[in-house]
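Participant: sequence first, then the predicted structure:
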Amino acid sequence: MACSRILEAEALWMMARDGVLQYHDILRASGQSEDETMKIIGARSRDNGRTPMQWTAGESAGFTTGTPWLGVNHNHAAINVEAEREDDDSILAFYRRLIALRKEHRIIAEGSIRFLERENDDVIAYERALGSERLLVLCNFRASDIAMPELHAAGEKLIGNYPGMAARLRPYEVVALRWVE
């Protein structure tokens, strides 16, 4: 919650297609050897990490009326901006809430930061402070529940990806708590 940023349409959980295979085919057809092709792809291609923006469930995902250089991911019928805008529980909606919180609470952008639980590989935890205001962010990077670090004070839950609060951090849970001392 320090610096909001969105890269490669991650706000939609878009996944890259196997674009590297398209580039591979083009290079091989131009006469490059397999070794040369793989060296070029490794040094120059980003196609394996890209896909046309999935705006709609329609043809070419609403990206173009022409033929896109890279193929459209097959999941565009379900994962696209149009669908995310209609879903209050979508990744896009979560990012919008994060951005709104950053604008509303100066502590998110301006507070000092202190990382906690550094020895705990299951959690990223940090506290921000600005005057008497505190913000605690806990992130579980495991697919299972983990013990809640004994860090959290009674505070207002600003945001989280699960409803309510639990005694343990749930799989991939993130929660931000705010209070004033």
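Facilitator: Looks like it arrived, so ask away. Residues are numbered from 1 along each chain as shown.
Participant: ok, now how distant is Ala125 from Arg97?
Facilitator: 20 Å (Cβ to Cβ, to the nearest Å). In this view, the C-beta of every residue, glycine as well, is placed from N, C-alpha and C.
Participant: for the longest helix along the chain, packing partners?
Facilitator: Longest helix of the chain, by residue count under DSSP state H: helix 91-104. Where contact means 3 or more Cβ pairs under 8 Å, 6 or more residues apart in numbering; DSSP states H and E, helix 91-104 is packed against helix 81-85, helix 106-110, strand 156-160.
Participant: and the pLDDT for Asn120?
Facilitator: On pLDDT, Asn120 comes in at 84.
Participant: burial of it, as a residue count?
Facilitator: By other Cβ atoms under 10 Å, the residues close to Asn120 number 12.
Participant: for it, what are phi and psi?
Facilitator: Main-chain dihedrals, Asn120, degrees, to the nearest 10: phi -90, psi 110.
Participant: also the one 10 residues further on?
Facilitator: Dihedral angles of Leu130 (phi, psi; degrees, to the nearest 10) stand at phi -150, psi 110.
Participant: quick one: it and Gly111 touch, right?
Facilitator: Yes. Here Leu130 reaches Gly111: they are 3.9 Å apart, a contact under Cβ atoms under 8 Å.
Participant: these two: who's more crowded?
Facilitator: Gly111 (19 against 15).
Participant: ok, now which ones touch the more buried one?
Facilitator: Contact analysis of Gly111 by Cβ atoms under 8 Å, 6 or more residues apart in numbering lists 128-130, 133, 135.
Participant: show the pLDDT at it.
Facilitator: For Gly111, pLDDT reads 96.
Participant: in stretch 99-117, what's buried?
Facilitator: When burial is assessed from 16 or more other Cβ atoms under 10 Å, stretch 99-117 yields the following buried residues: 101-102, 105, 107-108, 111.
Participant: hmm, I typed the wrong one, I wanted stretch 172-181.
Facilitator: Neighbour-count burial for stretch 172-181 flags 173-178 (criterion: 16+ other Cβ under 10 Å).
Participant: hang on, the earlier thing: with neighbour numbers in mind, choose between Ala125 and Arg97.
Facilitator: Each of Ala125 and Arg97 has its neighbours counted (other Cβ under 10 Å); Ala125 has more, 21 against 13.
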